[in-house]
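Visitor: can't give you the sequence, but here's the structure:
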């Protein structure tokens with residue numbers, strides 16, 4: 001039991017590190033680099049702080065490595081109580097990591113367009129700036145594809161909590177709401193992108209904080225109350 005609890009605490013630590021590194025990479029690019037519909041200003045921001053922009057890319061990639069190990073670590077805990085939903089959880093985590101790593105190529109594409117390489121001189125400076133913004137916009141769509149797999153892994157994690165009481169039940173319901181928030185945000189972005197996109201993004205982020213942060217801290221501090229499959233839940 002102590003070994004399982006310690007494994008859950010390690011998962012909580014990896015979850016925290018994932019959030020910190022991923023948060024820096026995502027929020028830096030969104031708030032400090034991209035100027036919506038302004039290719040020239042966006043390009044100027046990247047050029048002016050290229051080392052930070054590269055650090056944000058690396059931070060995102062580190063976050064995905066940590067997410068990979070978080071998923072594997074928590075899977076060791078979850079499979080003890082519910083193998084079926086634990087499998088949904090780990091499959092969703094691995095898919096989200098794969099999409100996120102591939103999506104990082106869009107950020108490198110933006111850097112490439114602004115690199116002033118000799119072979120890029122066939123394009124005008126304005127064309128290169130526009131293409132850099134296109135890559136960053138594609139990065140945003142890639143984030144939406146990533147969230148497709150966030151939803152089932154939060155749902156699976158939340159459902160296991162509710163069914164088997166490994167964490168407080170309220171955290172399970174909050175995680176399911178978190179997954180639903182991401183799905184609503186995805187549908188808005190992909191089906192009706194002009195319909196208050198910022199509001200839906202803020203809704204998803206708020207639900208994410210409401211469910212993710214308490215679950216992360218509970219895992220980190222308290223671990224998980226896991227009983228084997230052949231024992232009744234208390």
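Guide: Cool, the structure landed. On a predicted model such as this, the values are computed, not experimentally measured, just so you know.
Visitor: could you list the low-pLDDT ranges of the chain?
Guide: 1-2, 228-234 (pLDDT under 70).
Visitor: quick one, helices of it?
Guide: Assigned helices in the chain, in chain order: 2-28, 39-48, 50-78, 83-113, 125-164, 169-191, 197-222 (criterion: DSSP state H).
Visitor: and the shortest one, what does it pack onto?
Guide: Which is helix 39-48. With contacts taken as 3 or more Cβ pairs under 8 Å, 6 or more residues apart in numbering; DSSP states H and E, helix 39-48 sits against helix 125-164. The C-beta positions use only the backbone N, C-alpha and C, and glycine is treated the same way.
Visitor: the inter-axis angle of the helix it packs on versus helix 197-222?
Guide: 50 degrees (axes from the mean of the first three to the mean of the last three Cα atoms, to 10 degrees).
Visitor: got the buried residues for helix 125-164?
Guide: For helix 125-164, the neighbour count (16 or more other Cβ atoms under 10 Å) marks 128-133, 135-140, 142-162, 164 as buried.
Visitor: how far does it sit from the chain's center?
Guide: Relative to its chain's centre, helix 125-164 lies at 7 Å (Cα atoms, centre = their mean, to the nearest Å).
Visitor: okay, angle between it and helix 2-28 too, please.
Guide: Interaxial angle, helix 125-164 versus helix 2-28 (the same axes, to 10 degrees): 150 degrees.
Visitor: about what we covered before: dump the helices of the chain to a markdown table, plus distance to residue 119.
Guide: Output for the helices of the chain, formatted as a markdown table (distance: least, Cβ to Cβ, whole Å):
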| stretch | distance to residue 119 |
| --- | --- |
| helix 2-28 | 29 |
| helix 39-48 | 18 |
| helix 50-78 | 20 |
| helix 83-113 | 11 |
| helix 125-164 | 12 |
| helix 169-191 | 34 |
| helix 197-222 | 36 |
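Visitor: mind listing what residue 73 touches?
Guide: Residue 73 is in contact with 7, 10-11, 14, counting by Cβ atoms under 8 Å, 6 or more residues apart in numbering.
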